[in-house]
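K.L.:
Return a 3D structure for these sequence lines:
(chains A and B)
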Amino acid sequence: MSGVDPFVLNLTVFVLAIFVGYHVVWNVTPALHTPLMAVTNAVSGIIIVGAMLAAGPREMDIGTVLGLVAVTLAAVNVFGGFLVTQRMLDMFKKKSKK
Amino acid sequence: MSANFVALAYLVAAVLFILTLKGLSSPVSALRGNLFGMTGMTIAVLTTLTVHSVQNVTYILIAIVIGGSIGAVVARRIQMTEMPELVAAMHSLVGLAAVLIAMAAFNNPFAYGIVAHAGDTLHSSNRIELFIGTFVGAITFTGSIIAFGKLSGKLSGKPLVFAGQHWLNLGLGIVMIGFGIAFFITPSWTPFLIMTAVALLLGVLLIVPIGGADMPVVVSMLNSYSGWAAAGIGFTLNNNMLIIAGSLVGSSGAILSYIMCKAMNRAFLNVILGGFGGEAAVADSGDGKQKNYRSGSADDAAFLMGNASSVIIVPGYGLAVARAQHAINEMSHLLTEKGVNVRYAIHPVAGRMPGHMNVLLAEAEVPYEQVVEMDEINNEFADTDVVLVIGANDVVNPAAKNDKSSPIYGMPILEAHKARTILVVKRSMATGYAGLDNDLFYMDKTMMIFGDAKKVVEDIIKSLA
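P.N.:
Next up is the predicted model:
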């Protein structure tokens, strides 16, 4: 496998992940489609990893500054997304118990 | 830490994200799933902090605290009716972050390990990846801002259409790809920035022609785009974590768009090209003659429902606009105490985003078991004594089944017309989103109750108590 271009490996992971996503999401109950969207907002906040790498280099330049801004934006998504999902799911749970 | 360790930690996080989505198959497992998601994200962030090239740890932590606090405050304060706006705003943040990261990567590819030596130019495959990641991010960013404006009422929900719109978009798309090719040939800032600017403009132009009623599709579509944008950046940075998480989100948004289109019986392309809901006035000209309808009072409604053995409530977004969710729950509580079997029938496009109505009812503490999806409840209408349609219109229009000339013909509906008695709470006889008259309102067994949804429900409660 040593001769394989990283692009091809990336593409392999990409295609397989789409299949996993496709099958998992069809099993989501329609009642929870809004929480699904909120939690995928949080998950797409994973771009924070890319932002951290961009902000990483010690010498500050335009690239690291842009990276830090991106970290801030992505952090809004991560925290906002998971917490609002939690809030919604708590509402659903409350009534199931009664 | 070693690159292998980092990659394995990302794998663990990726599995946790898959379990997060899997958990959403029921409300109980969903809570555990959300915890998995938070754990996965924590693992991913902490692992990235140990990566050798990540040196500015203090600044990064400050940025996380600032962004995280904003997110936490918003998550706590947001009204459930405002969820579509919040989701749209978050999509735009992901889009912008993708564009910023792409710029940083282009500025200094060596620092991110994309090229082997300082000063090397990008490989051809890197250029394509960078191009795709940037324009998807840019379109997501501005498109979501427009969607946010329309959903929050800061911009008009009416579709903005003008002559030659599609040709302009096509032309801009070609220009954007043209500069992408120019960037591919000579990777410099000029084609990169022009391409980004065109993509930003295109994001605006693609969303302005889409009407308010189609927003559930648009929000789902932008959800999907935000995932693809993250995956695109993953390709640029050769980072599997971003590729996997991005693809999960991307396919989730795509499936939701498909479900929404199907629920409105619209082709995806037809929604995206826009303009629907603009020419509403033409559709309801009908046969021109005055049709008769029966109207009644809240007391009549209370009497009918109180003596029924089964009641199905069909809530629409009008219910949420009138803030009548809590009142309706109180009403169904009273009916249940009288021995009436009360259920809620939910059409997939009952709210302004997929599953919105379920959340609004959950917030009002309507029991989960009483809320039933369209496919499950449709064959029960015929055995139901009373249907209460409140704040909904097109989703119960029998023309979708019977009238081949109707614009909504073929759209799946809640078959309220089959019930023994139908009560419709409405402000006036005005038409719904699609601008269509609704034959349900003129049936002999239908009674119209005019007024504000909340006021009417409160009157019904008084009468029942």
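
K.L.:
now for the lengthiest helix in chain A, which elements pack on it?
P.N.:
The helix that spans the most residues within chain A, counting by DSSP state H, is helix A:62-97. On a contact count with 3 or more C-beta pairs under 8 Å, 6 or more residues apart in numbering or on different chains; DSSP states H and E, helix A:62-97 meets helix A:33-44, helix A:47-55, helix B:27-50, helix B:57-77, helix B:83-107, helix B:356-363. (Each C-beta comes from the backbone N, C-alpha and C, glycine too.)

K.L.:
okay, the angle between the shortest one and helix A:62-97?
P.N.:
So that's helix B:356-363. Helix B:356-363 and helix A:62-97 meet at an angle of 60 degrees, taking axes from the mean of the first three to the mean of the last three C-alpha atoms, to 10 degrees as the criterion.

K.L.:
Tell me if helix B:356-363 is near chain A.
P.N.:
Yes: against chain A, helix B:356-363 shows contacts by C-beta under 8 Å from any C-beta of the partner chain at B:356, B:358-359, B:362-363.

K.L.:
after that helix, next one along is what?
P.N.:
Remark: after helix B:356-363, the chain's next helix or strand is strand B:371-373, criterion DSSP states H and E.

K.L.:
distance between the longest helix of chain A and the chain's centre?
P.N.:
10 Å (C-alpha atoms, centre = their mean, to the nearest Å).

K.L.:
got the buried residues for that helix?
P.N.:
A:63-64, A:66-89, A:91-92, A:95 (16 or more other C-beta atoms under 10 Å in any protein chain shown).

K.L.:
With stretch B:302-311 instead?
P.N.:
Neighbour-count burial for stretch B:302-311 flags B:302, B:304-306, B:308, B:310-311 (criterion: 16+ other C-beta under 10 Å).

K.L.:
what's the straight distance from one end of that stretch to the other?
P.N.:
End-to-end span of stretch B:302-311 (C-alpha to C-alpha, to the nearest Å): 11 Å.

K.L.:
which other residues reach it?
P.N.:
The contact list for stretch B:302-311, computed with C-beta atoms under 8 Å, 6 or more residues apart in numbering or on different chains, reads B:332, B:335, B:338-343, B:383-388, B:421, B:423, B:447, B:459-460, B:463-464.

K.L.:
at 6 Å what do you get?
P.N.:
With contact meaning C-beta atoms under 6 Å, 6 or more residues apart in numbering or on different chains, stretch B:302-311 is reached by B:335, B:338, B:340-342, B:384-386, B:421, B:460, B:463-464.

K.L.:
which one among those gets closest to chain A?
P.N.:
Ranked by distance to chain A (C-beta to the nearest C-beta), the contacts of stretch B:302-311 are led by residue B:342 at 13.8 Å.

K.L.:
Report pLDDT for residue 71.
P.N.:
Looking at chain A here, since you left the chain open. Residue A:71 carries a pLDDT score of 96 in this model.

K.L.:
let's do chain B instead
P.N.:
For residue B:71, the predicted pLDDT is 96.

K.L.:
Could you report the neighbour count for it?
P.N.:
Number of residues near residue B:71 (other C-beta atoms under 10 Å in any protein chain shown) recorded here: 28.

K.L.:
wait, what's in contact with it?
P.N.:
Going by C-beta under 6 Å, 6+ apart, residue B:71 touches A:76, A:79-80.

K.L.:
can you redo the helices and strands packed on helix A:62-97 as JSON lines with distance to residue B:188?
P.N.:
Output for these, formatted as JSON lines (distance: least, C-beta to C-beta, whole Å):
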{"stretch": "helix A:33-44", "distance to residue B:188": "30"}
{"stretch": "helix A:47-55", "distance to residue B:188": "20"}
{"stretch": "helix B:27-50", "distance to residue B:188": "30"}
{"stretch": "helix B:57-77", "distance to residue B:188": "29"}
{"stretch": "helix B:83-107", "distance to residue B:188": "10"}
{"stretch": "helix B:356-363", "distance to residue B:188": "46"}
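
K.L.:
what's the closest of the ones you listed to residue B:19?
P.N.:
Set against residue B:19 and scored by C-beta to C-beta, the helices and strands packed on helix A:62-97 come closest in helix B:27-50, at 4.6 Å.

K.L.:
got the buried residues for that closest one?
P.N.:
B:27, B:30-31, B:33-41, B:43-45, B:47-48.

K.L.:
now, which of those lie close to chain A?
P.N.:
Contacts with chain A are made by B:27, B:30-31, B:34, B:37-38, B:41, B:44, B:48 out of the buried residues of helix B:27-50, judged by C-beta under 6 Å from any C-beta of the partner chain.

K.L.:
Quick check on residue B:420: phi, psi?
P.N.:
phi -70, psi -40 (degrees, to the nearest 10).

K.L.:
Quick check: closest non-adjacent residue to residue B:54.
P.N.:
Spatially, and ignoring its direct neighbours in sequence, residue B:54 is nearest to residue A:56 (3.7 Å; C-beta to C-beta, 6 or more residues apart in numbering or on different chains).

K.L.:
State the number of residues packed around that neighbour.
P.N.:
25.

K.L.:
swap in residue B:212?
P.N.:
Neighbour count of residue B:212, defined by other C-beta under 10 Å: 18.

K.L.:
Make sure residue B:388 is indeed in a strand.
P.N.:
Yes: under DSSP: H, G, I helix; E, B strand; the rest coil, residue B:388 sits within a strand.

K.L.:
what about it, neighbour count?
P.N.:
Neighbour count of residue B:388, defined by other C-beta under 10 Å: 30.

K.L.:
ok, what's across the strand from it?
P.N.:
Beta-bridge pairing of residue B:388 under DSSP bridges involves residue B:313, residue B:423.

K.L.:
pretty sure residue B:108 is in contact with residue A:62, am I right?
P.N.:
No: counting by C-beta atoms under 6 Å, residue B:108 stays clear of residue A:62, with 8.8 Å between them.

K.L.:
Start from the N-terminal end of chain B and give the strands.
P.N.:
B:310-315, B:341-346, B:371-373, B:386-390, B:421-426, B:446-450 (DSSP state E).

K.L.:
deepest of those strands, which one?
P.N.:
Of these, the one with the most neighbours on average (mean count of other C-beta atoms under 10 Å in any protein chain shown) is strand B:386-390, at a mean of 27.

K.L.:
so where is chain A shaky, pLDDT-wise?
P.N.:
A:1-2, A:94-98 (pLDDT under 70).

K.L.:
rerun at 80
P.N.:
Along chain A, segments meeting pLDDT under 80 span A:1-3, A:94-98.

K.L.:
cool, and the stretch 251-400 of chain B?
P.N.:
Low-confidence segments of the stretch 251-400 of chain B (pLDDT under 80): B:266, B:269-291.

K.L.:
Look through it and state the residue closest to chain A.
P.N.:
Closest point on the stretch 251-400 of chain B to chain A, by C-beta to the nearest C-beta, is residue B:355, at 3.0 Å.

K.L.:
which residue sits closest to that residue, ignoring its sequence neighbours?
P.N.:
Leaving aside its chain neighbours, residue B:355 sits nearest to residue A:33 (3.0 Å; criterion: C-beta to C-beta, 6+ apart).
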